[in-house]
Structure formats: structure tokens, C-alpha cells
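K.L.:
structural data only, the sequence is not supplied:
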């Protein structure tokens with residue numbers, strides 16, 4: 001069970017983008033690797049600014065990376 005109703009596809013997108021490491025994504029977004037780990041595990045939802053940074057770093061639309069998971 002995750003801590004937030006926000007579902008993300010960060011891990012899948014990292015691998016789709018040439019196996020981008022958690023560290024490389026973290027550096028591209030200006031956060032720590034631990035932040036990426038927590039996001040991938042669904043322990044918390046990112047700020048709107050961080051969500052956009054992650055989407056940009058993954059060269060994806062924000063809707064491809066994050067979705068509202070409640071009620072699905």
C-alpha cells in the first residue's frame with residue numbers, strides 16, 4: 001500500500017529512457033537519490049515543481065509520469 005493516491009511511472013520511464021539511474025535523475029532534478037527512491041516507492045507525492053522537473057528530465061508529459069490513482 002502506498003502513502004499517496006498519486007501513481008507514478010518513474011521507474012519504468014527511467015528504463016525506457018536508456019536505463020537512466022536514480023542518481024542521474026536526481027541530479028537532473030536537483031534532489032537526492034533518496035527522494036527518487038521514495039517517489040518510486042509511492043511514499044509521497046512530489047511538489048508540482050518537482051513533478052514538472054521529473055517529467056522534463058524523462059522527456060515525458062507530466063500525465064505520462066504521474067496519475068491520480070484513487071478510484072481506478
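P.N.:
The structure has been received and is ready for your questions. These numbers come from a predicted model, not from an experiment.

K.L.:
for this structure, longest helix please?
P.N.:
helix 48-57 (DSSP state H).

K.L.:
tell me what the helix or strand just after it is packed against?
P.N.:
Going down the chain from helix 48-57, the next helix or strand is helix 62-65, by DSSP states H and E. Under the contact definition 3 or more CB pairs under 8 Å, 6 or more residues apart in numbering; DSSP states H and E, helix 62-65 sits against helix 10-16, helix 48-57. All C-beta spots, glycine's among them, are computed from the backbone N, C-alpha and C.

K.L.:
make TSV out of those helices and add mean neighbour count and mean pLDDT.
P.N.:
Supplementary listing: the helices and strands packed on helix 62-65 in TSV, determined by neighbours: other CB atoms under 10 Å; pLDDT from 0 to 100:
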stretch	mean neighbour count	mean pLDDT
helix 10-16	16	96
helix 48-57	17	98
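
K.L.:
tally of neighbours for residue 43?
P.N.:
12 (other CB atoms under 10 Å).

K.L.:
contacts only, for the spatially most central residue of the chain.
P.N.:
Centroid-nearest residue in the chain: residue 10, 4.0 Å away (criterion: CA atoms, centre = their mean). Residue 10 sits next to 25, 36, 39-40, 54, 58, 65 when contact means CB atoms under 8 Å, 6 or more residues apart in numbering.

K.L.:
would JSON lines of the helices and strands packed on helix 62-65 with distance to residue 3 be doable?
P.N.:
Formatted as JSON lines, the helices and strands packed on helix 62-65 follow (distance: least, CB to CB, whole Å):
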{"stretch": "helix 10-16", "distance to residue 3": "15"}
{"stretch": "helix 48-57", "distance to residue 3": "16"}
